[in-house]
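> Here is my input; please provide its structure:
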Amino acid sequence: MTAVSLYVELKAKPGKEDAVAAFLASAQSLVEGEPGTIAWFAVRFDHSTFAIFDAFDNEAGREAHLGGKVAEALMANADELLAAAPQIRKADVLADKLPG
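Sure, this is the predicted structure:
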């Protein structure tokens, strides 16, 4: 069972909404190389509000993800794409339902 998760809210700068959407879509290939990331979702709530939700079996997987290529790429592009710093929230998973 997954034990911990991350929720990261992202607000795109005006005019950068499509670039944020494209960045998040391209990040999927980076996450596929992370064995500790059990579930990963990039979502769009409205024109400029996006989020990433990930789940992990343990803290080591979560910390590896936070130090991984997606986080590195996000922070490298944050000033150009985002209206505010990413809001990263750590959470404990109380229950899950995953395939397999």
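> tell me which helix or strand of the chain sits lowest on mean pLDDT?
Least confident helix or strand, the chain: helix 69-81 with a mean of 94, by mean pLDDT, DSSP states H and E.
> Show me what counts as buried in that helix.
Val70, Ala71, Leu74, Leu81 (16 or more other CB atoms under 10 Å). Bear in mind the C-beta positions are built from the backbone N, C-alpha and C, glycine included.
> Could you export that helix as CSV, CA atoms only?
Output in CSV follows, covering the C-alpha atoms of helix 69-81 (Å, rounded to 0.1, in the frame of the first residue of the first chain):
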residue,chain,number,x,y,z
LYS,A,69,14.5,15.0,-12.8
VAL,A,70,10.9,16.3,-12.7
ALA,A,71,11.5,18.5,-9.7
GLU,A,72,14.8,19.7,-11.2
ALA,A,73,13.2,20.6,-14.5
LEU,A,74,10.2,22.3,-12.7
MET,A,75,12.4,24.4,-10.6
ALA,A,76,14.7,25.3,-13.5
ASN,A,77,11.6,26.6,-15.4
ALA,A,78,9.6,28.0,-12.6
ASP,A,79,10.6,31.7,-13.0
GLU,A,80,9.7,31.6,-16.7
LEU,A,81,6.4,29.6,-16.4
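> chain center to that helix, what's the gap?
11 Å (CA atoms, centre = their mean, to the nearest Å).
> Show me the contact partners of that helix.
Contact partners of helix 69-81, identified using CB atoms under 8 Å, 6 or more residues apart in numbering, comprise 12-13, 16, 19-20, 23, 27, 30-31, 33, 52, 65, 85-86.
> Kindly indicate which of the buried residues of helix 69-81 lies nearest Pro99.
Nearest to Pro99 among those: Val70, at 21.6 Å, using CB to CB.
> where do the helices sit along the chain?
For the chain, helices defined by DSSP state H occupy the ranges 17-31, 59-66, 69-81.
> who touches the first one?
Applying CB under 8 Å, 6+ apart, the set of residues contacting helix 17-31 from outside is 10, 12, 37, 40, 42, 44, 47-48, 50, 52, 54, 65, 68-70, 73-74, 77, 80-82.
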